[in-house]
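In: 3D, please:
(4 chains)
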Number of protein chains: 2
Amino acid sequence: MDETGQPQSDKRRIDTMEELSVAIGVSRPTLSRYFQDPSSVRSSTSEKIRRGLEQVEYVPNFFATRMNRKSTGMIGVIIPYLNDLFFTRLLEGIEIAAMQAGFTVITQCSHSDPAIEARAAETFMSMSVDGALVAPLGNHSDFAVQERLNARLPFMLVDSRPSTMPSVDFVGSDHMQSTGIITEYLSRVGDPPVFLAMPRVNFNALERERAYIAKMQELGHEPTIIGTEALHPASHFEAHGSAVLDRCFSQGQFTDRSILCANDRVAIGALHAAAKHGLDPGRARRGGLRIAGHDDYPLCPFTTPTLTTVAQDVEAIGRVAVQRLVEKIRGENNAQSQVVQLLDGVLKLRESA
Amino acid sequence: MDETGQPQSDKRRIDTMEELSVAIGVSRPTLSRYFQDPSSVRSSTSEKIRRGLEQVEYVPNFFATRMNRKSTGMIGVIIPYLNDLFFTRLLEGIEIAAMQAGFTVITQCSHSDPAIEARAAETFMSMSVDGALVAPLGNHSDFAVQERLNARLPFMLVDSRPSTMPSVDFVGSDHMQSTGIITEYLSRVGDPPVFLAMPRVNFNALERERAYIAKMQELGHEPTIIGTEALHPASHFEAHGSAVLDRCFSQGQFTDRSILCANDRVAIGALHAAAKHGLDPGRARRGGLRIAGHDDYPLCPFTTPTLTTVAQDVEAIGRVAVQRLVEKIRGENNAQSQVVQLLDGVLKLRESA
DNA sequence: TCCTACGTTTTACATGCGTAAAGTAAGCGC
DNA sequence: GCGCTTACTTTACGCATGTAAAACGTAGGA
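Out: Below is the predicted model:
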């Protein structure tokens, strides 16, 4: 075989540290220490090992290493679904922050299925992850599973949290603030806004409704909420927004109102319904149709018209969640003080409102 | 502690099979067999174990189990970045198919960094995954790493492949077909299309350019390609498309041409540029501006105007990739015949072209 | 030259489970 | 009651590594 002189595998493949130790001429425990921290062995030894490794093909067995270490250096993340740029940005923030903190992230996606979510939690426990971050599915989540995780290891909820778990650590948005400022803005530049809800797939849906109602009452306006019924599969937000407004516009309703959408994907659907009915959101000075969203979805600057919204710093949510979790893992969290961090939104004024 | 009667942890926590075996009154090897296949023990025993497990809190140690099994039941997936609904759909297709085939998916995201991509490959080898699926970064990928993976375990490329690795198994789109049909369509309803390229972040970018050129030559037209220069960070496709066309339109170029964009995200940017210049793609009968994309990004039905494109069945790509990989893992792949499967695109006629 | 101290290496045991081999108990037909 | 099969238990070892404790070597100081 060597006769062929193929360049593919000039390096001898070695499968265990034992073999490697005889190949290099160093004891196995010394190798073990080297792999965990090359500076923990004498520099001459370290150099000898490094040169030896260049001659062979060897990777330490992941399972054997993790099984014996006191800490696995892994954190588990569960998110409800991937088909949403909000969650991908969240995940990106989490992964980058975790990487910088020296942790490996294991991501599991629930695919909107509580059974999968529960299985992912089981997996994390059986892997002895150092900590877990969960963006819950919503009403369908199996809270018992999350309670178990929470009781067993450093645990935090991200993005949304059930009202039934008020004592669990949490990092997310301050909906009272974010929905509040855009409600107020819309009230100033036109008629008090109508709230176009999203299907209540998670707790944020309800929180934003409540924040809208609270702000409207504070401003002395009558809240109006439409679209609470689910016309489409829960996560088809654009289709939902489009269908609800299409029906309204067909009946001549709300064609000259400000419409605050529960999130940007609903708002993109709303823009589509407006275009279909020949309406041009945001172009009229007063009294015309306006559409605004929430989140600052990456496509907002490119819609027609561009979408006015409230930006959530999603990556910051991910980053902060990791920071707090790592503190909990390291036991830096003085006492049992609960961590609840709500990040503010920032108004993004564009064309649509 | 029990005195408080808190419901949180009425179950005794057990950490090893050894403990569990004495708690239930069954031998440890029997438990081991039960966990691998409950039907491999007598039904009365199986029932006894099941009842016993309800009384305690126990999860088998993931690492210890995987370390000793001949097969880990895991497949590793590497994707270049998450902030693109194309890749999230691909991942979804992969995860669902893998789950149905009884495999656990470990996903690693390169975040556009070859070093991270290489580390992910190392991780997969050290975890002894049964197989790996890689959607490469593009020109920046470290091909040596992929060669090592390919030499070591069942391996496939997905979505795009470097021309330097023609012999590696691959599942992706047939760009000659997909880009071909939309080029032909555009040529029929208007002037021969101009091709708005995307930054050459991966091999598909070049393949689509080539497919466009080939079809144009076949039709006897002169190909015109714009936007090959990267004006923005590589993955900001919308910004790229918008900036390139904005410049053209400002100079009065291409305002009445058909513009075929390398993908839908570029096309969404193109629509934005059109709107900015008061152009209304697709509305004119003949001789007016038309814009078309590629991929059938989930937002295409909601843009203004809605976007004509070629749909790739992304989930099918993921599903097929998993199927072929599983066949390779199970050794069902008769002989060393190379697997190359290219899926066709389907024209989606909407308003913009 | 000898002793001491420090850093490194070696020895030995541990981790949690898979699995083979051998022994034991239960079920069945005669 | 006997032999047989089947299912289970017991015993033992293996997996690839971590890690504590002991042994070792070397350099520095007296």
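In: quick check: phi and psi on the most centrally placed residue in chain A?
Out: Nearest to the geometric centre of chain A sits residue A:90, at 3.2 Å (C-alpha atoms, centre = their mean). Residue A:90 adopts backbone torsions of phi -60, psi -50, taken as degrees, to the nearest 10.
In: likewise for the one 5 residues further on?
Out: Taking degrees, to the nearest 10, you get phi -60, psi -40 for the backbone angles of residue A:95.
In: residues in contact with it?
Out: A:105, A:107, A:318, B:109, B:111 (C-beta atoms under 8 Å, 6 or more residues apart in numbering or on different chains). C-beta coordinates here come from the backbone N, C-alpha and C atoms, glycine included.
In: is the second one in a bridge, and if so with what?
Out: For residue A:107, the beta-bridge partners under DSSP bridges are residue A:77.
In: just the pLDDT at it, thanks.
Out: Residue A:107 is assigned a predicted lDDT (pLDDT) of 94.
In: what is the neighbour count of it?
Out: For residue A:107, the neighbour count with other C-beta atoms under 10 Å in any protein chain shown is 22.
In: my read: it touches residue A:79, true?
Out: Yes. Using C-beta atoms under 8 Å, residue A:107 makes contact with residue A:79 at a distance of 7.0 Å.
In: what do those two both touch?
Out: residue A:91.
In: got the contact list for the single nearest residue of the stretch 151-300 of chain A relative to DNA strand C?
Out: For the stretch 151-300 of chain A and DNA strand C, the shortest gap (C-beta to the nearest atom of the strand) falls at residue A:152, measuring 14.5 Å. Residue A:152 makes contact with residue A:125, according to C-beta under 8 Å, 6+ apart.
In: can you tell me how far it sits from DNA strand D?
Out: 20 Å (C-beta to the nearest atom of the strand, to the nearest Å).
In: torsion angles phi and psi at that residue?
Out: phi -100, psi -30.
In: quick one, strands of the stretch 201-350 of chain A?
Out: A:225-226, A:258-261, A:290-292, A:309-311, A:340-343, A:346-348 (DSSP state E, counting those that start in this stretch).
In: count the neighbours of residue A:212 for me.
Out: Counted with other C-beta under 10 Å, residues neighbouring residue A:212 total 25.
In: from residue A:200, how far out is it?
Out: 14 Å (C-beta to C-beta, to the nearest Å).
In: over to residue A:146?
Out: Separation of residue A:146 from residue A:200 (C-beta to C-beta) stands at 19 Å.
In: neighbour count: those two, which is higher?
Out: residue A:146 (24 against 17).
In: one step back: tell me which of the strands of the stretch 201-350 of chain A sits most buried.
Out: Ranked by mean neighbour count under mean count of other C-beta atoms under 10 Å in any protein chain shown, those are led by strand A:258-261, which reaches a mean of 31.
In: list the pairing partners of it within its sheet, with orientation.
Out: Going by DSSP bridges, the partners of strand A:258-261 are strand A:194-196 (parallel), strand A:290-292 (parallel).
In: how far is it from where the chain is centred?
Out: Centre-to-centre, strand A:258-261 and its host chain are 25 Å apart (C-alpha atoms, centre = their mean, to the nearest Å).
In: residues contacting that strand, please?
Out: For strand A:258-261, contacts defined as C-beta under 8 Å, 6+ apart pick out A:179, A:182-183, A:186-187, A:189-196, A:198, A:212, A:241, A:245, A:267, A:270, A:289-294, A:353.
In: among these, which ones are in helices?
Out: Secondary structure from DSSP state H places A:179, A:182-183, A:186-187, A:189, A:212, A:241, A:245, A:267, A:270 of the contacts of strand A:258-261 in helices.
In: list just the nearest of those residues to residue B:223.
Out: Distance to residue B:223 across the ones in helices among the contacts of strand A:258-261 (C-beta to C-beta) is lowest for residue A:267, with 38.3 Å.
In: and the strands of the stretch 201-350 of chain A as JSON lines, adding mean pLDDT and distance to residue B:32?
Out: Listed next are the strands of the stretch 201-350 of chain A as JSON lines, based on pLDDT from 0 to 100; distance: least, C-beta to C-beta, whole Å:
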{"stretch": "strand A:225-226", "mean pLDDT": "94", "distance to residue B:32": "56"}
{"stretch": "strand A:258-261", "mean pLDDT": "96", "distance to residue B:32": "54"}
{"stretch": "strand A:290-292", "mean pLDDT": "95", "distance to residue B:32": "59"}
{"stretch": "strand A:309-311", "mean pLDDT": "97", "distance to residue B:32": "53"}
{"stretch": "strand A:340-343", "mean pLDDT": "92", "distance to residue B:32": "43"}
{"stretch": "strand A:346-348", "mean pLDDT": "95", "distance to residue B:32": "55"}
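In: nearest approach to residue B:136 belongs to which of those strands?
Out: The closest of the strands of the stretch 201-350 of chain A to residue B:136 is strand A:309-311. By C-beta to C-beta, the value is 32.5 Å.
In: hmm, that closest one touching chain B?
Out: No. Applying C-beta under 8 Å from any C-beta of the partner chain, one finds strand A:309-311 out of contact with chain B, separated by at least 15.5 Å.
In: domain ranges for chain A?
Out: As given by automatic domain parsing, the domain ranges for chain A are A:12-66, A:74-173+A:315-343, A:175-311.
In: closest residue of chain A to DNA strand C?
Out: Proximity of chain A to DNA strand C (C-beta to the nearest atom of the strand) peaks at residue A:27, 2.2 Å away.
In: residue A:30 against residue A:41, yeah?
Out: Yes. Taking contacts as C-beta under 8 Å, residue A:30 lies within contact range of residue A:41: 5.9 Å.
In: joint contacts of those two?
Out: Common neighbours of residue A:30 and residue A:41 (C-beta under 8 Å, 6+ apart) are residue A:49.
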